[in-house]
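*Asks:* Model the structure of this input:
(one chain, ligands or ions: 2)
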Amino acid sequence: MNRLAQRLDEAALSRTAIAKLTEETALDVPAAYQVQREVIARREARGEKLIGVKMGFTSRAKMIQMGVDDVIWGLLTDAMLIESHLDTGTLIHPRVEPEIAFLLERPVRSPADVGAAVGGVAVGYEVLDSRFAGFSFTLEDVIADNASASGFGLGPWHTPRAVANVGLTLEIDGRTVASGSSAAILGDPMRSLHAAARLAHAAGIELEAGWIVLAGAATAAVPLPPGAHVRVSGQGLGHAEVTT
Ligand code: OOG
Ligand code: MG
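*Replies:* Ligands and ions are numbered 1, 2, ... in the order given. A predicted model of the protein is given here:
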């Protein structure tokens, strides 16, 4: 497992796509999550801190785009938080997608804690950068690869409110390149938060106060070119912007 985590980590650091792990090594879902934890441990050894989790494949649009059909999760570190500019030259083949984010103000140890835990909601974007050639993978590969996580940015936090049907648009250089509704995220992004709580509970991980949960993209991801101005808007939630 360690050797596989090293391969993924080095692919990210050297910006070099690698072949799918499952081409050579049989991996089941638990083993894939073990690789993911080791990838994160390597980042923590470099001083990065865990600041939340991201859910993946919580919408049909994403499942269809990537050819997988199970909800997965990955871990977010402070080094992934993008302020206002991202140098795409540090990445392999980045893509961007709109997200709904939750801020936890209390820890979540089990799904029963979710209701009282949400301290804020925001619109945001996620930058994905699969370490696999062609952005092509099996479910186990993408789990091991920390759900293709690379970076993310957030708009302003708002007091908790219903986010079951928020119109989302993703613009690049003023042109709308993806749009949808947060309802595409398991019917309501809150369900994604419950799923995160279940996965965390099963993995023996506590979602801590102050952590961010990305609920998953409502639309397919789009390639993120250099020299771009990206803006993600969520009806009633404002927007998040980044230049590349
Ligand atoms: C995996 C990550 C999926 C989402 O929001 O569904 C994800 C990928 O598409 O490469 O982040
Ligand atoms: Mg995502």
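*Asks:* tell me which residues in the helix or strand of the chain with the lowest mean pLDDT are buried?
*Replies:* When each helix and strand of the chain is scored by mean pLDDT, DSSP states H and E, helix 60-66 comes last, with a mean of 91. Under the neighbour-count criterion of 16 or more other CB atoms under 10 Å, helix 60-66 has Ala61, Lys62, Gln65, Met66 buried. Backbone N, C-alpha and C define where each C-beta goes, glycine included.
*Asks:* Could you pick out the residues of the chain near ligand 1 for me?
*Replies:* Residues of the chain lying near ligand 1 by CB under 6 Å from any ligand atom: 54, 56-58, 62, 66, 97, 126, 128, 130, 142, 147-148, 216-217, 221.
*Asks:* So which of these is surrounded by the most neighbours?
*Replies:* With neighbours taken as other CB atoms under 10 Å, the top of the residues of the chain next to ligand 1 is Ala217, carrying 31 neighbours.
*Asks:* Would you check that that residue makes contact with Pro98?
*Replies:* Yes: contact criterion CB atoms under 8 Å: Ala217 and Pro98 qualify, at 6.1 Å.
*Asks:* follow-up on the earlier one: looking at the residues of the chain next to ligand 1, point me to the pair that's furthest apart.
*Replies:* Thr58 and Ser130 (17.6 Å; CB to CB).
*Asks:* hey, where'd the helices end up in the protein?
*Replies:* Secondary structure of the chain by DSSP state H: the helices cover 2-14, 29-45, 60-66, 114-117, 139-144, 189-203.
*Asks:* Pick out the shakiest of those, pLDDT-wise.
*Replies:* Set side by side, the helices of the chain show their lowest mean pLDDT on helix 60-66, which sits at a mean of 91.
*Asks:* what residues are up against the residue nearest the centre of the chain?
*Replies:* Geometric centre of the chain, nearest residue: Lys54, 4.0 Å, by CA atoms, centre = their mean. Contacts for Lys54 were tallied using CB atoms under 8 Å, 6 or more residues apart in numbering; they are Trp73, Gly74, Leu75, Leu76, Glu99, Glu126, Ala147, Ala149, Phe152, Val213, Leu214, Gly216.
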